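Trainee: Predicted model, plus sequence, below.
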Amino acid sequence: MGSLVSFKNVIVISGNFPILTGLDFEAGPGEIVLVKGRNGAGKTSLLRAVAGLARITRGSANVLGVDIAANPADVRHRIGLLGHEGFLYEDLTASENVRFVLKATRSDPSKAEAAMASLGLTGRLGDLKVAKMSAGQRKKVALAALLAREPELWLLDEPHASLDSWTRGVLDATLNAKVSRGATVLLVSHESHHGSLVPTRTVEVGGGKIISDTHATKPVPLDPLAVAEQGSGNVA
């Protein structure tokens, strides 16, 4: 299968400052790509560019079969971006925010309730305005909107931050299930441990470019005979 994301020599400029400087990047169906790098390296800029939210000055940028340099809005309803800001309306309740996102992205509104329930956003919490929520609760609302939308491409910037262990587990299980059915996840994270969410590749960004791209190594199967001998104390 072809790439869902294909960037070649992509340049993005913010003001007079280049934030992506000739970046080459590919991601295919069923991948979990961990994006690493120092602060200011271009990790978040990469996610925003893939989402069509950063104007591409030069280069080839194809996402889900669409030239997003020319038509960035054409794929936004198929992409789920979770950033630091959350893209939530403070004066709306959790439920109203999720339903608004579904309507704006032409998604099925009937999936809102189940997505919210899966993250514990029921009863009083579902009717609470976002302005009165904690950071963790806001993150849950943003995640509920993504879960209900079921995007083909998940762009997650520090998704585990501010979440309790139970919610992290729900998120990881959901993403693993989506990836098994062909979805792709780009994950920016400073954490060394991501629970049950195991990257298939790790790319490092530096100076607005990909400076390393490493595929995960599969564990070598253990030799049952060798294990049995070690357990019995036998030494060859």
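Mentor: Perfect, thanks for sending it.
Trainee: in the host helix or strand of Asn176, what counts as buried?
Mentor: For Asn176, the element it lies in under DSSP states H and E is helix 165-180. By 16 or more other C-beta atoms under 10 Å, the buried positions in helix 165-180 come out as Thr167, Arg168, Val170, Leu171, Asp172, Thr174, Leu175, Asn176, Lys178, Val179. Just so you know, the C-beta spots here come from the backbone N, C-alpha and C atoms, and that holds for glycine as well.
Trainee: is it possible to export the residues you listed to a markdown table including distance to Ala94?
Mentor: A markdown table is the format used below for the buried residues of helix 165-180 (distance: C-beta to C-beta, whole Å):
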| residue | distance to Ala94 |
| --- | --- |
| Thr167 | 14 |
| Arg168 | 19 |
| Val170 | 16 |
| Leu171 | 16 |
| Asp172 | 22 |
| Thr174 | 18 |
| Leu175 | 21 |
| Asn176 | 25 |
| Lys178 | 22 |
| Val179 | 26 |
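Trainee: and which of those residues is nearest Arg76?
Mentor: Lys178 (18.1 Å; C-beta to C-beta).
Trainee: residues in contact with the closest one?
Mentor: Glu150, Trp154, Val185 (C-beta atoms under 8 Å, 6 or more residues apart in numbering).
Trainee: Pick the one among these closest to Ile79.
Mentor: Among the contacts of Lys178, and counting by C-beta to C-beta, the member closest to Ile79 is Trp154, at 8.0 Å.
Trainee: quick one: the nearest residue to that closest one once chain neighbours are set aside from Ala135, how far?
Mentor: Spatial nearest neighbour of Trp154, chain neighbours left out: Val185 (4.5 Å); criterion: C-beta to C-beta, 6 or more residues apart in numbering. Distance of Val185 to Ala135, given as C-beta to C-beta, to the nearest Å: 22 Å.
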